[in-house]
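> A structural model of the following input is requested.
(one chain, ligands or ions: 1)
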Amino acid sequence: MKIFIDTANVEEIKKANDMGVISGVTTNPSLIAKEGRDFIEVVKEITTIVDGPISAEVISLESEGMVKEARELAKIHKNIVIKIPMTIEGLKAVKILSAENIKTNVTLIFSATQALLAARAGATYVSPFLGRLDDIGNEGMNLIEEIVEIFSIHDIETEVIAASVRNPIHVIQAARIGAHIATIPYNVIVQMTKHPMTDLGIERFLKDWEGVPKK
Ligand code: E4P
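Numbering: from 1, shown residues only. From the prediction side, this is the model:
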């Protein structure tokens with residue numbers, strides 16, 4: 001399973017990129033708004049940090065507007081992937097963009113039927129939001145499992161991005177189920193690096209090292 005970072009914060013993106021663990025970035029309008037910076041400026045900067053798929057989301061609700069925005073965003077860099085909301089208008093936009101070889105990530109997926117339709121419309125990626133399903137008392141991971149199974153049975157090439165990831169357990173479960181990608185917030189990536197036994201081990205090695213005779 002590949003790891004993307006789910007943020008529009010360039011400092012976080014740089015830190016995760018320096019660790020060598022991420023191969024892509026996903027943003028959304030809420031993440032962009034948190035940065036208080038111009039959208040295009042942020043996206044351009046991200047393309048200079050990570051050499052991999054970078055999802056930038058459209059705002060229009062009609063397919064025509066989505067396609068127009070998408071064409072402009074796609075001009076920024078070859079790695080830009082257009083994030084499109086899962087609606088009928090979104091599917092129409094995906095069909096057009098896919099014919100133009102513009103990559104798409106269909107977002108706000110909350111059912112397997114939505115994922116199947118997005119894939120059939122030509123989506124490069126689908127993003128089921130597991131954390132938001134957990135939030136309303138559903139088992140978000142079941143959705144990831146269903147989509148991965150359906151795509152595998154039918155040889156569908158669209159990749160499944162486990163999105164709305166909230167903790168390291170989500171990441172492990174998504175990896176075991178066979179999600180192609182998990183897009184993970186920076187704080188969760190940091191949590192994934194940690195184990196108390198590692199810290200204890202380092203402490204003990206350093207303490208023992210003090211007893212090694214030095215010339
Ligand atoms: C996916 O691409 C979204 O940006 C993201 O995972 C949403 O997560 P949230 O539910 O934590 O906002």
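> bridging residues for the residue nearest to the spatial centre of the chain?
What sits nearest the mean C-alpha location of the chain, by Cα atoms, centre = their mean, is Thr183, with 3.0 Å. Counting by DSSP bridges, Thr183 is bridged to Phe4.
> measure it to Asp6 for me?
Distance, Thr183 to Asp6, by Cβ to Cβ, to the nearest Å: 4 Å. Bear in mind the C-beta positions are built from the backbone N, C-alpha and C, glycine included.
> now tell me what touches whichever strand or helix holds Ala33 from outside.
Assigned by DSSP states H and E, Ala33 belongs to helix 29-35. Here helix 29-35 makes contact (Cβ atoms under 8 Å, 6 or more residues apart in numbering) with 6-9, 39, 42, 57, 59.
> which two in the residues you listed are spaced the farthest apart?
Asn9 and Ile59 (20.0 Å; Cβ to Cβ).
> so which of these two has more stuff around it?
Applying other Cβ atoms under 10 Å to Asn9 and Ile59 shows that Asn9 carries more neighbours, namely 19 against 10.
> the more buried one against Tyr186, yeah?
Yes: under the criterion of Cβ atoms under 8 Å, Asn9 makes contact with Tyr186 at 7.1 Å.
> for the residue lying closest to Thr158 once chain neighbours are set aside, what are its contacts?
Counting by Cβ to Cβ, 6 or more residues apart in numbering, Ala119 is the residue found nearest to Thr158 once chain neighbours are left out, at 3.9 Å. Applying Cβ under 8 Å, 6+ apart to Ala119 gives the contacts 126, 151, 156, 158.
> can you tell me how far Ala119 is from the ligand?
Distance of Ala119 to the ligand, given as Cβ to the nearest ligand atom, to the nearest Å: 17 Å.
> count of neighbours near Glu41?
10.
> and it, what element?
Using DSSP H and E, Glu41 falls in helix 39-49.
> dump that helix to CSV, keeping only the CA atoms.
Output of helix 39-49 as CSV, limited to C-alpha atoms (Å, rounded to 0.1, in the frame of the first residue of the first chain):
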residue,chain,number,x,y,z
PHE,A,39,-5.1,27.9,-3.8
ILE,A,40,-3.1,27.8,-7.0
GLU,A,41,0.1,29.1,-5.2
VAL,A,42,-0.2,26.3,-2.6
VAL,A,43,-0.7,23.6,-5.3
LYS,A,44,2.2,24.9,-7.4
GLU,A,45,4.5,24.8,-4.3
ILE,A,46,3.4,21.2,-3.5
THR,A,47,4.4,20.2,-7.0
THR,A,48,8.0,21.4,-6.3
ILE,A,49,8.2,19.2,-3.2
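> quick one: name whatever helix or strand follows it.
strand 54-57.
> which strands and helices lie in contact with that next one?
When contacts are defined as 3 or more Cβ pairs under 8 Å, 6 or more residues apart in numbering; DSSP states H and E, strand 54-57 sits against strand 24-26, helix 39-49, strand 80-85, strand 104-109.
> now do the buried residues in the helix or strand that that strand is followed by.
Downstream of strand 54-57, the first helix or strand assigned by DSSP H and E is helix 63-76. Within helix 63-76, the residues scored as buried using 16 or more other Cβ atoms under 10 Å are 63, 66-67, 69-70, 73-74.
> by contact count, what packs against helix 63-76?
Judged by 3+ Cβ pairs under 8 Å, 6+ apart, helix 63-76 is in contact with helix 39-49, strand 80-85, helix 88-99.
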